[in-house]
Structures are given as C-alpha cells and as structure tokens.
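Asker: Structure, please.
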Amino acid sequence: MQRKAYVPGVAALLAALLAGCTGSSGDGGTTDDANPGQAGTASAAAQPGKYRVLPEPCGAVGRGTLDSLLPGIKQLTDEEQRENAYAGEATLTYDTDRKVGCRWKVESTDATDHLLVDFERVVSYDTTVSDDTEAQQLFGTKEEAADLPEVASPSAASDVETGETGGTSTGSPTATPTDAASASAPATPSSTASPSPSGSSSPSSTTSATPTDLQPRLLDDLGDEAFLDDALGSSGSTAQQRTVTVAFRTSNVIVTIEYAEQPTTIGVAPDSKEMQDKARKLAAQLAEALAE
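Answerer: Predicted coordinates:
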C-alpha cells in the first residue's frame, strides 16, 4: 500500500519537471530568437565616411592658381609681403579634424581680391546613419540657403540649345523670361558699349541681363553634388563687389570656395564669367586632390 502511494507521487514530480523543462525551452527559444535579431541590427550599422582627415587648407591652393585669382600678388615688390600673401591666413577652428579653412586678401591697382577655401568633414553620431548620408543632408541645407533660381539645372545650357526645359519641349529660346532678356541683350546700347576683349568690366556691360549659363545653378561635373552662386553687391557710393561661391560634396567632405573682387573704380563691376571660370577651375583642382 505504501509503494502504491509512492508511485503516483513520483509521477506527479516527473510531470512537474517535464512542465518546467517545457517552459524553460520556450523561454530559451524566445531568447535565442532575439539574439539573431540583435546581431542583424548590429551588422546593419552604417559605414563610416571615406575621409578620416582633412588637407592643410593654406597649402591646398598652388601658387600659379593664386596668381590667377589674386593678380595683386605679382605687383608686390617686397619679397616678404609676397610670401605672406601666398601663405594666406588659416581660419579660426576648434577642431582641425572636422573643419579647416584658409583666406587670402590681396590689393592691386585695379581691385581688391578675396579668396576663402573651407573644408568640412562630416561625421554622423547616429549608428544607423552613414557619414555620407549626414553630409548629403547638410549639403542640401547649404544648397537651400543659397536660394538658387528654380530654372537652374545641371544642364541648363544644353537645355536652352535643345529646347528641353524641365521635360517640356518648346523649341523656342524664349521659353523663360530670363532667356528672353538674354536674347534681347545684344540689341541694347548697354551691352554693346564695352566689347573689351580683355575681360575687364564696365558699368554698362554689367547691368545687362545675365546669360542663363552664368546664373546661380547646380553643377553636374564636380564631386557627388555641387552648386555655384554669383552675387553682385549694390553699387552705392563704392565699387560693386562680386562674390562667386562654388560648393561641392565628395563623400563625407564638403568644400566651399568664396571668391570675391571689388574694383577700385566706382561704378565698375567685376566680370561674372571670368570669376566663375577661375572659381570652378580651383574647385576642380581641389576635387581631384581629394580623389587621390
């Protein structure tokens, strides 16, 4: 009789143990299922950007380029002053791993020229957002702040030639007010008053309509994305200062060039095409150097 009472007790104990094992197995299964998910999340962490360091900004622009952008350097007769002009002045920064820059200012008999070159390395502190994506978002903000005309596009000049503007083909160069103004410019006295082949500007030549291919616009041949801005200050009682800005992004580095010129003669404005060509040439050189 005692043995019969013992057997059911053992059976109950075994049943309880089996139930416990089943529960543990279920809990363990849940934990095991969670681990692969966590591992998958970790493996999906965004990759760091291509660039870990920045170039030395005051040494990033060659002397030949500085001679072109800052003609006053050649007019300096004092050797020490000339060397200081070439050396430039580093901009104030608190983290040279993230942001560096250099500026130059040189006066000549015809104008005062300013040049600023700025490098910014973007780093994302969100493990799910890559450095490149963070840089792309920052560059988008910079482009938006430039407030480029809506008619601008990476292929604005070719669109005018082919008659294709924003997907609507009109076949006419007078599809936009800007184009119409440009087309009528040669017939006005102001645009024919100064045909100087030297590229020097005059008040009459700079007050005519700006050609479409010289307007602020996006650029499709520089870095991963780029834009150009061109602003002419009000004349007032002084000479007009023109500032050309070229900014581009390569991976997680954003490069900004600001090139400004103010003539010594009141009423004279710098030539837009000449300044844009010089700024874009420098930008191409910096982009090539980053790619090496």
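Asker: any low-confidence regions in the stretch 1-150 of the chain?
Answerer: For the stretch 1-150 of the chain, applying pLDDT under 70 flags the ranges 1-44.
Asker: repeat that for 50
Answerer: Scanning the stretch 1-150 of the chain with the threshold set as pLDDT under 50 gives 1-7, 10-34, 36-37, 39-42.
Asker: And the strands in it?
Answerer: All strands of the stretch 1-150 of the chain, identified by DSSP state E, counting those that start in this stretch, fall at 89-90, 99-107, 111-121.
Asker: now for the longest one, which elements pack on it?
Answerer: In this case it means strand 111-121. Strand 111-121 makes packing contacts with helix 63-69, helix 72-75, strand 99-107, strand 253-263 when contacts are defined by 3 or more C-beta pairs under 8 Å, 6 or more residues apart in numbering; DSSP states H and E. (Each C-beta comes from the backbone N, C-alpha and C, glycine too.)
Asker: same check, this time on the second one
Answerer: Contacting strand 99-107 under the criterion 3+ C-beta pairs under 8 Å, 6+ apart are the following elements: helix 72-75, strand 89-90, strand 111-121.
Asker: The last one pairs with which strands, and in what direction?
Answerer: On the basis of DSSP bridges, the sheet neighbours of strand 111-121 come out as strand 99-107 (antiparallel), strand 253-263 (antiparallel).
Asker: For those strands, give me TSV that also has distance to Ala90 and mean neighbour count.
Answerer: TSV is the format used below for those (distance: least, C-beta to C-beta, whole Å; neighbours: other C-beta atoms under 10 Å):
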stretch	distance to Ala90	mean neighbour count
strand 99-107	5	19
strand 253-263	15	22
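Asker: can you redo those as JSON lines with distance to Gln240?
Answerer: Formatted as JSON lines, the strands paired with strand 111-121 follow (distance: least, C-beta to C-beta, whole Å):
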{"stretch": "strand 99-107", "distance to Gln240": "17"}
{"stretch": "strand 253-263", "distance to Gln240": "7"}
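Asker: out of those strands, nearest to Lys142?
Answerer: For Lys142, the closest of the strands paired with strand 111-121 is strand 253-263, at 7.1 Å, according to C-beta to C-beta.
Asker: who touches the helix or strand that that closest one is followed by?
Answerer: Per DSSP states H and E, strand 253-263 leads on to helix 272-291 as the next helix or strand towards the C-terminus. Here helix 272-291 makes contact (C-beta atoms under 8 Å, 6 or more residues apart in numbering) with 51, 55, 60-62, 65, 68-69, 117, 199, 206, 210, 214, 219, 222-223, 226, 228, 230, 232, 242, 244-246, 248, 250, 253, 255, 257, 259, 261.
Asker: quick one, helix 272-291 and strand 111-121 angle?
Answerer: With axes from the mean of the first three to the mean of the last three C-alpha atoms, to 10 degrees applied, the angle from helix 272-291 to strand 111-121 works out at 30 degrees.
Asker: Quick check: buried residues in helix 272-291?
Answerer: Ser272, Glu274, Met275, Gln276, Lys278, Ala279, Arg280, Leu282, Ala283, Leu286, Ala287, Leu290 (16 or more other C-beta atoms under 10 Å).
Asker: wait, which of the residues you listed is closest to Asp97?
Answerer: Lowest distance from Asp97 to the buried residues of helix 272-291 (C-beta to C-beta) belongs to Leu290, with 15.7 Å.
Asker: ok, the closest one to Leu115 distance?
Answerer: 18 Å (C-beta to C-beta, to the nearest Å).
Asker: okay, how far is it across stretch 103-122, tip to tip?
Answerer: End-to-end distance for stretch 103-122: 21 Å, by C-alpha to C-alpha, to the nearest Å.
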